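Participant: Fold the following, please.
(4 chains)
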Number of protein chains: 4
Amino acid sequence: MTALPRGRTGKWPVAVLGATGAVGQTFVRLLADHPWFELRELAASERSAGKKYGEVTRWLEGERPGQAVASRRVIACDPGVVTAPIVFSALDAVVAGEVEMAFARAGKFVLSNAKNYRMEPDVPLVIPEVNGDHLALIDCQRRNRGWDGAIVTNANCSATVAAVALAPLHQCYRIRQLFLSTMQAVSGAGYPGVPSLDILGNVIPYISDEEPKLEREMLKLLGTYADDEVLNAAFKVSAHTNRVAVEHGHTICMTIGFETKPTPEEAIETMRAWQGLPSTAGLPSRPLHPLVVTDAPDRPQPRRDVNAGNGMTVTVGRVRRDAVLDLRMVALGHNTIRGAAGGSVLNAELLASTGGFNSV
Amino acid sequence: MTALPRGRTGKWPVAVLGATGAVGQTFVRLLADHPWFELRELAASERSAGKKYGEVTRWLEGERPGQAVASRRVIACDPGVVTAPIVFSALDAVVAGEVEMAFARAGKFVLSNAKNYRMEPDVPLVIPEVNGDHLALIDCQRRNRGWDGAIVTNANCSATVAAVALAPLHQCYRIRQLFLSTMQAVSGAGYPGVPSLDILGNVIPYISDEEPKLEREMLKLLGTYADDEVLNAAFKVSAHTNRVAVEHGHTICMTIGFETKPTPEEAIETMRAWQGLPSTAGLPSRPLHPLVVTDAPDRPQPRRDVNAGNGMTVTVGRVRRDAVLDLRMVALGHNTIRGAAGGSVLNAELLASTGGFNSV
Amino acid sequence: MTALPRGRTGKWPVAVLGATGAVGQTFVRLLADHPWFELRELAASERSAGKKYGEVTRWLEGERPGQAVASRRVIACDPGVVTAPIVFSALDAVVAGEVEMAFARAGKFVLSNAKNYRMEPDVPLVIPEVNGDHLALIDCQRRNRGWDGAIVTNANCSATVAAVALAPLHQCYRIRQLFLSTMQAVSGAGYPGVPSLDILGNVIPYISDEEPKLEREMLKLLGTYADDEVLNAAFKVSAHTNRVAVEHGHTICMTIGFETKPTPEEAIETMRAWQGLPSTAGLPSRPLHPLVVTDAPDRPQPRRDVNAGNGMTVTVGRVRRDAVLDLRMVALGHNTIRGAAGGSVLNAELLASTGGFNSV
Amino acid sequence: MTALPRGRTGKWPVAVLGATGAVGQTFVRLLADHPWFELRELAASERSAGKKYGEVTRWLEGERPGQAVASRRVIACDPGVVTAPIVFSALDAVVAGEVEMAFARAGKFVLSNAKNYRMEPDVPLVIPEVNGDHLALIDCQRRNRGWDGAIVTNANCSATVAAVALAPLHQCYRIRQLFLSTMQAVSGAGYPGVPSLDILGNVIPYISDEEPKLEREMLKLLGTYADDEVLNAAFKVSAHTNRVAVEHGHTICMTIGFETKPTPEEAIETMRAWQGLPSTAGLPSRPLHPLVVTDAPDRPQPRRDVNAGNGMTVTVGRVRRDAVLDLRMVALGHNTIRGAAGGSVLNAELLASTGGFNSV
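Facilitator: The predicted structure follows:
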């Protein structure tokens, strides 16, 4: 159990929006016994509101939530109903745009997994170890939009895995060209998500809208904050995204060209030395090692490495010279933890520890 | 049923070396009712020799072979024992080097799936529609080696799929850079091959020695025959090879840079117009369309497209512009048919139809 | 190609109701080049009516239908719109009750895969080789219901596989007790059907309403027709039904007690000698062997045996003595062919060859 | 952390025989930080002896062992070399017979997962909560065999799962007939074990020698110890065993006849009230609930329930009336933890807490 940030005497009350879906359930699991946050409210669609959480939720994974959570009444995703000042949004993109804005306008902190606001210039798209300083955009956002709340987003699951792996290399050697080819888990599509008839013994070489998201979010994540704005990284990205018969864990093959060309050994050393932004040290969900480089010739593998660091560690392997560009390597991360709910929980922890939540 | 080549009055007797393994079984299946070849002998290791084929073979796929084949006695992989003048080799690389040479020295035609001789300058590495003219190396090979037989190889399974997809584009627009990322079926590892504990719900981002094979064979396949030698294609190739939980069918994501830059529409038109070398038209195993381009946004998929053209057609999809190089696309082909046994059978058919087997 | 029944000069026009779903697609595939039936109309829900079949159908398996079928306009499931006198119904149970009755009332022959009418006393529930004589119920049905059409049903997929395997044994030795435990393919749940997150690396020991269907349909299928009614078989049945990560093919473990107790050898001989009702010999979809007994110790297996007899053969293996009752064995059959669309097509063929369609 | 048994001042030193294989690795994982046992030695075949454990072990699951374990030298499976007085045997049956006897003869306690001695009348076959009192056979064993050591075995994985589920019911209502049909995980076959080509999208309705083991071990497990011997339970058992594409977790469908016939509600209440032998309360590996009955209509499921109680809890569901016998239900347990390594660790804990290890 991690002590509360200095000066804070009680847990922050939080709510989950879209709590019954796949990502919502992951939020509930991660927040159930959180040392800093108290999961006070579970909000979902009209259809579920008023019913017990345990009755309207088809629990997908791990132990079912305890009685305290299961028997709680689901409430509506309405800022007039939700009392918690901090909300985690697992809403579908179709509704997230409007609902999240309503919460921000009502003065709430919205930690969102939805894609809607990620690329807005005044909305932080954050992986704490990589670009936690982008949270400074919140001030700008409030001025621009005239609200007291804030929207802070975590990135697309594949973009998150790639960005954690590449952040130390980009910082040292400047990426110029990046080719990505992903093999993504079915949990990335939510529930019911991918029909089994589509994926058993199969590969689907297409995920709707995934390649553009991956390509553009990478550049914002690895961009630089200065003077109220984020200057995107300027390298070129090209992605293939594929769905495979894996439950959790996105595996990404990368081929990279740099301005300053590292040897594989130098790249490995750089990644191993990297600890992410110092402000993230000690956050409850931050893994000891956000980035691990394995020497095993055939790793990372989703089933064997996805839970490293409680699903928050990205594992890189097969770092080797490339015949066309400079380096090739493979990265793996947990798409629903690091790449979704866990990412937003860590964003909230960084806000909490750096005074962002002092007002609530 | 396809008539025998003009001037030929009976089927050519053939044998399979390594007939009990996974690729060997595929040879047996493809040759069982072949219109031009008569499967006369089944050869395998000492351990199996003398026993009935049906008893020593754990039949992996499709209907078991009929009584005629199942009750045949397996013989040794010895050119003094095998009487057929034409042999298909499904031998493991550990023994293929020596055994295939012994057969060639004894005057046999060896159609090999083994990797051992593929990159020898005087050994044809052939996909008939792509570079059937490389068979002309046989003369050079005989002169060099002083034997009456010949070794002709089919390519690595992934290299085959990629080369069929890329041949028309390379011919028109000259490839300069090529990035490949594969998702390969478990049947590519033979039997028992990949343990289920390694691949169920998993991805293995590594296949031993596969990337170098894929990279170098591509260049020979797309090379040019002239004056007794093959001048390899000169572009740069970089590959990631991965194993996925698919039974048959290698899926390959490709990103390509060209000298002359085609639009996606032009590339599609070029691939659709391509019919492969005219000398292959009408060969029994040649599919009507060696290369098919699909418009479906989420194809090709192994389970749905692998059997196109009886496993001899390569299907390409998602041809689209690339942000870094010129084009991206996905190709899929059957690894144990087009990429192994079927490839060598087609090689033999081309030899048969063009007079290469006239002496036997 | 099988010649038309004696005296018939043209194919019978047929339609498929619910043509866009998973079973509907299988009907379309089986009827596309049928020697006796001409697929004239494709009917589906309001939502699809008026659009081209190829555009509203997410084709799940095998080669896409040819242009002739793909470009046909889907029509409504309305007996006033459908002109074909014979319709194959792949309708969902929710609508099948009403729609099928409307077609029968309008004088159409309805060959149905829906569960709605299967257990009606005057509706034939038929597997031709097993109880094709139950078709005689049609007369009774017409008298009872006052319509000129007819409803004929195929059985539940698991019941079909079990009944084909058990028919010869029940005829010879009289079953007294039957325990079944199934492992059923995901295609049995249609499309999108089973979410991949529910079945990858998993078993679901429950299929809604499947056990009662299996238990009661078995007794009608193995019952005896006499004097305008079917006297159900009287033995006791107990079933466990499970869903497994298999694409096609239901595997059923059976433990059986008999009145007259056969040895395993006698049971095997009885099954091997069985040819089904003589009236079915030569029907286009009837496999040469409706029931095959394998000697392999580890068969039948879905991936290796499901396509036997073009998906119409049931394969039995592991016939052995039981310590509690008399025999144990394992049966396997194709759930969407023999156990669904193929079953109804065979029912129609039997009607066609025995004069049932003479009026149309 | 659980305190040492009263009167004991230090951990007992233990060794693992066959430490490099799949079950051996599970022993190592479970013993690495055990509160009562200190993993002192790792023994394996000649081939591995002398090398570092981390180098000769292909680690299959979870986090790799820490440096302390990975860098330890493997030693030979020889009682003259192994110094620990307590050894856990994950040896293959081919060698277990001889090696385990040698260790017992040398005065060691052998906690074995091998099948060799399970059915010997003087060897305890133990699941602590079910029949921990059978450990009393050790005295008899020592007298019979004239050795100071002892061999204590855990049961076959499927027999273990079934016995935990059935023990409370047998104690209350006396089983008379039992039908079992299993769906077993691939990890039950060890590593490399089941080839992926055999199990992807498939079911194998056969596991070598599994049905006899399951049938006979059930009767010993549920038997009664009295006067130096175990009187086996006397009911009849009939089993089908199947392999499915699941990583961990054996699912067992059961149909049961009793002398005293409980309603499903009574059976559920009996199972829920059952706590296993009181002597097992508080043992470090004993789960709070050895047996859990779920109300969910579609559980237990391997992927969702296998890790209950750290893999030591058996989950039962779908308890319902049977049409032929009395009850049907489904049980699930972790085959390599409760059904293998974890079972023997718990056996050792029971010995430790009840004075069995006082001499060492």
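Participant: And whatever helix or strand A:Asn144 lives in, what's buried?
Facilitator: Taking DSSP states H and E as the definition, A:Asn144 sits inside helix A:137-145. In terms of neighbour count (16 or more other C-beta atoms under 10 Å in any protein chain shown), helix A:137-145 has its buried residues at A:137-138, A:140-141, A:145. Yep, even glycine has a C-beta here, placed from its N, CA and C like the rest.
Participant: In the residues you listed, find the pair that's most separated.
Facilitator: Across these, no pair lies farther apart than A:Leu137 and A:Arg145, at 11.4 Å, counting by C-beta to C-beta.
Participant: between the two, what contacts are shared?
Facilitator: Counting by C-beta atoms under 8 Å, 6 or more residues apart in numbering or on different chains, the contacts common to A:Leu137 and A:Arg145 are A:Asp122.
Participant: Quickly find the element holding the closest residue to A:Gly309 other than its chain neighbours.
Facilitator: Leaving aside its chain neighbours, A:Gly309 sits nearest to A:Pro287 (2.9 Å; criterion: C-beta to C-beta, 6 or more residues apart in numbering or on different chains). Using DSSP H and E, A:Pro287 is not contained in any helix or strand.
Participant: Around A:Pro287, how many other residues sit close by?
Facilitator: When neighbours are counted by other C-beta atoms under 10 Å in any protein chain shown, A:Pro287 registers 20.
Participant: what sits against it?
Facilitator: A:308-310, A:312-313.
Participant: Kindly list the main-chain dihedrals of the closest residue to chain D within the stretch 1-150 of chain A?
Facilitator: Distance from chain D to each residue of the stretch 1-150 of chain A (C-beta to the nearest C-beta) is smallest for A:Glu61, at 6.9 Å. Backbone dihedrals for A:Glu61, given as degrees, to the nearest 10, come out at phi -160, psi 140.
Participant: Report the contact partners of it.
Facilitator: Applying C-beta under 8 Å, 6+ apart, the residues contacting A:Glu61 are A:25-26, A:29, D:304.
Participant: Could you export these to a markdown table, including columns for pLDDT and secondary structure?
Facilitator: Formatted as a markdown table, those follow (pLDDT from 0 to 100; DSSP: H, G, I helix; E, B strand; the rest coil):
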| residue | pLDDT | secondary structure |
| --- | --- | --- |
| A:Gln25 | 97 | helix |
| A:Thr26 | 97 | helix |
| A:Arg29 | 96 | helix |
| D:Arg304 | 96 | helix |
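Participant: Let me know the secondary structure of A:Leu42.
Facilitator: With DSSP: H, G, I helix; E, B strand; the rest coil as the basis, A:Leu42 sits in strand.
Participant: Look up how far chain C lies from it.
Facilitator: 21 Å (C-beta to the nearest C-beta, to the nearest Å).
Participant: So in terms of bridging, what pairs with that residue?
Facilitator: Per DSSP bridges, residues listed as beta-bridge partners of A:Leu42: A:Val16.
Participant: number of nearby residues for it?
Facilitator: Using other C-beta under 10 Å, A:Leu42 has 28 neighbouring residues.
Participant: Kindly state the pLDDT recorded for it?
Facilitator: For A:Leu42, the pLDDT comes out at 98.
Participant: Leaving out sequence neighbours, find the closest residue to the residue in the stretch 101-250 of chain A that chain D sits nearest to.
Facilitator: Using C-beta to the nearest C-beta, A:Gly201 is the residue of the stretch 101-250 of chain A that sits closest to chain D, at 4.5 Å. In this structure, A:Gly201 finds its nearest non-sequential neighbour in D:Gly201, 4.5 Å apart by C-beta to C-beta, 6+ apart.
Participant: helix/strand/coil for the one you found?
Facilitator: Here D:Gly201 is coil, with the state taken from three-state DSSP.
Participant: thinking it is in contact with C:Val246, fair?
Facilitator: Yes - assessed by C-beta atoms under 8 Å, D:Gly201 is found in contact with C:Val246 at 5.6 Å.
Participant: the more surrounded of these two?
Facilitator: C:Val246 (29 against 23).
Participant: per-residue pLDDT, that one?
Facilitator: Note on C:Val246: pLDDT of 98.
Participant: quick one, phi/psi of it?
Facilitator: The phi/psi pair for C:Val246 (degrees, to the nearest 10) reads phi -120, psi 140.
Participant: what sits against the closest residue to it other than its chain neighbours?
Facilitator: Spatially, and ignoring its direct neighbours in sequence, C:Val246 is nearest to C:Ala185 (4.3 Å; C-beta to C-beta, 6+ apart). Contact analysis of C:Ala185 by C-beta under 8 Å, 6+ apart lists C:244, C:246-250, C:302, C:335.
Participant: same thing but 7 Å
Facilitator: The contact partners of C:Ala185, taken as C-beta atoms under 7 Å, 6 or more residues apart in numbering or on different chains, are C:246-250, C:302, C:335.
Participant: for A:Asn113, same thing?
Facilitator: Here A:Asn113 is in contact with A:23, A:89-90, A:154, A:340-341, A:344 (criterion: C-beta under 7 Å, 6+ apart).
Participant: what do you get if the cut-off is 6 Å, keeping everything else the same?
Facilitator: A:Asn113 makes contact with A:23, A:90, A:154, A:340, A:344 under the criterion C-beta atoms under 6 Å, 6 or more residues apart in numbering or on different chains.
Participant: In JSON lines: those residues, plus neighbour count, secondary structure and pLDDT.
Facilitator: Listed next are the contacts of A:Asn113 as JSON lines, based on neighbours: other C-beta atoms under 10 Å in any protein chain shown; DSSP: H, G, I helix; E, B strand; the rest coil; pLDDT from 0 to 100:
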{"residue": "A:Val23", "neighbour count": "28", "secondary structure": "helix", "pLDDT": "96"}
{"residue": "A:Ala90", "neighbour count": "28", "secondary structure": "coil", "pLDDT": "98"}
{"residue": "A:Asn154", "neighbour count": "29", "secondary structure": "coil", "pLDDT": "98"}
{"residue": "A:Ala340", "neighbour count": "26", "secondary structure": "helix", "pLDDT": "98"}
{"residue": "A:Ser344", "neighbour count": "25", "secondary structure": "helix", "pLDDT": "98"}
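Participant: quick check, nearest of those residues to C:Gly54?
Facilitator: Among the contacts of A:Asn113, A:Val23 lies closest to C:Gly54 (C-beta to C-beta), at 35.1 Å.
Participant: ok, now how distant is that closest one from B:Arg174?
Facilitator: Per C-beta to C-beta, to the nearest Å, A:Val23 is found 46 Å from B:Arg174.
Participant: A:Arg176 now?
Facilitator: For A:Arg176, the distance to B:Arg174 (C-beta to C-beta) stands at 24 Å.
Participant: who has more neighbours, the two?
Facilitator: Taking neighbours as other C-beta under 10 Å, A:Arg176 and B:Arg174 compare with A:Arg176 leading, 18 against 14.
Participant: Just to check, that one is in contact with A:Ala233?
Facilitator: No - using C-beta atoms under 6 Å, A:Arg176 is not in contact with A:Ala233, being 10.2 Å away.
Participant: pretty sure A:His34 is in a strand, no?
Facilitator: No - using three-state DSSP, the assignment for A:His34 is coil, not a strand.
Participant: For it, give me the backbone phi and psi.
Facilitator: According to degrees, to the nearest 10, A:His34 has phi -70, psi 140.
Participant: Could you pull up the contacting residues of it?
Facilitator: Contacts of A:His34 by C-beta under 6 Å, 6+ apart: none found.
Participant: Now do the helices in the stretch 201-350 of chain A.
Facilitator: For the stretch 201-350 of chain A, helices defined by DSSP state H, counting those that start in this stretch occupy the ranges A:210-221, A:264-273, A:302-305, A:342-353.
Participant: hey, which helix or strand in chain A has the poorest pLDDT?
Facilitator: The least trusted helix or strand in chain A, going by mean pLDDT, DSSP states H and E, turns out to be helix A:67-70, with a mean of 92.
Participant: Flag every residue of the stretch 251-360 of chain A that's near chain B.
Facilitator: A:251, A:253, A:255, A:297-298, A:301-303, A:322-324, A:330 (C-beta under 6 Å from any C-beta of the partner chain).
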